[in-house]
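>>> Quick one, structure for this:
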Amino acid sequence: MLWVFICLLSSVFCLLPSVSYAARQSTVEVQLINFIKQFYEDREGIQVKFNSYPSILKENASVNHINFTKIPDANGDGICTMEVTTKQGFRKNVHVSFKVFVKKHIYVLKQNLKRGDVINAGDIIKKEILLNENKGRYPLDIEEIIGKTVKKDINAGTVVKNDMIEDRYVVKTNEIVSILAQNNRIMVKTKGRAIEKGKIGDVIRVKNVSSNKEILGKVVGSGVVTVDM
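Model (predicted):
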């Protein structure tokens with residue numbers, strides 16, 4: 001029984017150095033991670049992974065100062081310089097490269113869509129992931145997706161990206177449209193035939209049905225274009 005107790009006690013003492021090392025390393029990592037997170041507004045939605053971790057930081061070193069050598073770029077890549085004091089009392093500068101992953105919402109298709117289909121709220125589901133890519137590739141809000149059309153056939157389970165969607169065409173080729181011509185005093189309304197399709201804000205060619213004259217008009221709504229007088 002005494003022999004068993006001695007073995008257990010010996011095991012505890014063997015574990016103490018590794019526990020102490022883990023605690024020291026954890027403290028240094030926490031300091032570094034907290035410094036990096038200060039660069040972001042949503043600190044809770046940030047995860048930092050180190051590409052390299054100098055061996056000196058794994059020893060009994062204390063941190064004196066941390067600074068950015070390279071501020072995190074659009075892909076989350078950055079470098080920090082740390083001034084530390086070693087257990088021998090020497091001051092050294094070390095560089096730590098890292099990558100930041102940001103918690104973001106993405107939108108995934110629940111069903112297959114064909115080119116030209118309009119995306120409705122029931123077609124997508126929101127998911128939360130960690131990204132290190134440029135967030136400009138993905139819609140930031142559901143309002144940036146609903147009502148848009150898909151530019152190509154997309155299968156269910158696909159993450160929606162900005163280059164997959166576009167504003168819906170509200171005027172179709174050969175569609176009869178209302179042409180509004182106005183100035184500060186009067187407004188004239190007539191009918192025309194769209195020679196080309198257009199989204200809101202597009203300038204398209206329209207043929208006046210009455211005069212058979214081709215004009216340029218700005219699409220302002222579904223089946224409506226305006227021209228300057």
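>>> Tell me how far the residue lying closest to residue 40 once chain neighbours are set aside lies from residue 131.
With sequence-adjacent residues excluded and distances taken as C-beta to C-beta, 6 or more residues apart in numbering, residue 40 is closest to residue 46, at 5.3 Å. Heads up, the C-betas are built off the backbone N, CA and C, glycines and all. Using C-beta to C-beta, to the nearest Å, residue 46 is found at 11 Å from residue 131.
>>> Between the two, which contacts overlap?
Shared contacts of residue 46 and residue 131 (C-beta atoms under 8 Å, 6 or more residues apart in numbering): 101-103.
>>> quick one, what contacts the closest residue to residue 31 other than its chain neighbours?
Excluding the flanking residues, the one nearest residue 31 by C-beta to C-beta, 6+ apart is residue 63, at 5.3 Å. Each residue near residue 63 by C-beta under 8 Å, 6+ apart is listed here: 28, 31-32, 82-84.
>>> count of residues packed around residue 155?
Residues near residue 155, counting by other C-beta atoms under 10 Å, number 9.
>>> Tell me which residues touch it, please.
So residue 155 contacts 109, 112 (C-beta under 8 Å, 6+ apart).
>>> what's the distance between residue 95 and residue 62?
Distance, residue 95 to residue 62, by C-beta to C-beta: 18 Å.
>>> Actually, residue 81.
Separation of residue 81 from residue 62 (C-beta to C-beta): 16 Å.
>>> ok, now residue 140?
Separation of residue 140 from residue 62 (C-beta to C-beta) stands at 41 Å.
>>> Past the helix or strand bottoming out on mean pLDDT in the chain, which element shows up next along the chain?
Using mean pLDDT, DSSP states H and E, helix 2-37 stands out as the lowest-scoring helix or strand of the chain, at a mean of 57. Downstream of helix 2-37, the first helix or strand assigned by DSSP states H and E is strand 46-50.
>>> What is that following strand packed up against?
With contacts defined as 3 or more C-beta pairs under 8 Å, 6 or more residues apart in numbering; DSSP states H and E, strand 46-50 has these neighbours: helix 2-37, strand 91-109.
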